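Enquirer: show me the folded form of this:
(2 chains)
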Amino acid sequence: SQELEQSPQSLIVQEGKNLTINCTSSKTLYGLYWYKQKYGEGLIFLMMLQKGGEEKSHEKITAKLDEKKQQSSLHITASQPSHAGIYLCGADSSGNTPLVFGKGTRLSVIA
Amino acid sequence: NAGVTQTPKFRVLKTGQSMTLLCAQDMNHEYMYWYRQDPGMGLRLIHYSVGEGTTAKGEVPDGYNVSRLKKQNFLLGLESAAPSQTSVYFCASSYGPQGRTEAFFGQGTRLTVV
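Expert: Alright, predicted model coming up:
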């Protein structure tokens, strides 16, 4: 079965600093999804990547999928307190099955 | 826009009791999913449905049953609750398969079994 490993498990950064979260798959991915979860709430969709080498940005968050489609990174530029939460990557190896999720990266942003 | 609504938001059960969690979506989505989230374990799929009247097992289906009698509703049942089922349960829905389309999540149901 497909497994997703996220690193780091948790991250504390000072406001204004940049940071990167990684998601690595044991298999080639059909699609890679990034979600954000605020503490005690549901998941909010951030981005979906499907093509090798693809990169997408939304506000100060950029996600990339490597050429081999086995690793993705999520980069936040100039972090803000509103970026705090749990970031989860989800992936599917065929395009027709439910997503498998990583265990999440807990991000704290301190002033 | 309601999106995906889960009922109830919190519940405490005694071991052996039964209960049903309701998930309702108003987006006319075909696909619906139940996940549980536990510390250190991430999100794990319990059951899912690819359309009205269909259900399928996910990664951790034991101890749970589901029904999708109406397209907009997906019910998760616990027949005899156990402390190991203490968790936060999330429902999600999507227009197409999750691997192709965005999934929308509910706010979660925090269940404690004592």
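Enquirer: rest of the way, CA atoms for contacts and neighbours
Expert: OK.
Enquirer: bridged to the closest residue to residue A:101 other than its chain neighbours, which residues?
Expert: Sequence neighbours aside, residue A:90 is the residue nearest to residue A:101 in space, at 4.1 Å (criterion: C-alpha to C-alpha, 6 or more residues apart in numbering or on different chains). On the basis of DSSP bridges, residue A:90 is bridged to residue A:33, residue A:101.
Enquirer: residue A:90 - how many residues pack around it?
Expert: For residue A:90, the neighbour count with other C-alpha atoms under 10 Å in any protein chain shown is 24.
Enquirer: over to residue B:114?
Expert: 14.
Enquirer: swap in residue B:81?
Expert: Neighbour tally, residue B:81, other C-alpha under 10 Å: 21.
Enquirer: hang on, it in a strand?
Expert: No - under DSSP: H, G, I helix; E, B strand; the rest coil, residue B:81 falls outside any strand and is assigned coil.
Enquirer: wait, what's in contact with it?
Expert: Contacts for residue B:81 (C-alpha atoms under 8 Å, 6 or more residues apart in numbering or on different chains) come out as B:13, B:14, B:15, B:16, B:17, B:18, B:19, B:63, B:113.
Enquirer: my guess is the residue nearest to residue A:101 contacts residue A:103. True?
Expert: No - the pair residue A:90 and residue A:103 fails to qualify as a contact (C-alpha atoms under 8 Å) at a distance of 9.5 Å.
Enquirer: list the residues that contact both of the two?
Expert: Joint contacts of residue A:90 and residue A:103 (C-alpha under 8 Å, 6+ apart) are residue A:4.
Enquirer: on that earlier part again, could I get the contacts of residue B:81 in a markdown table, plus columns for neighbour count and distance to chain A?
Expert: Shown next, in a markdown table, are the contacts of residue B:81 (neighbours: other C-alpha atoms under 10 Å in any protein chain shown; distance: C-alpha to the nearest C-alpha, whole Å):
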| residue | neighbour count | distance to chain A |
| --- | --- | --- |
| B:13 | 17 | 20 |
| B:14 | 13 | 23 |
| B:15 | 15 | 24 |
| B:16 | 14 | 26 |
| B:17 | 12 | 25 |
| B:18 | 13 | 24 |
| B:19 | 14 | 21 |
| B:63 | 14 | 20 |
| B:113 | 17 | 18 |
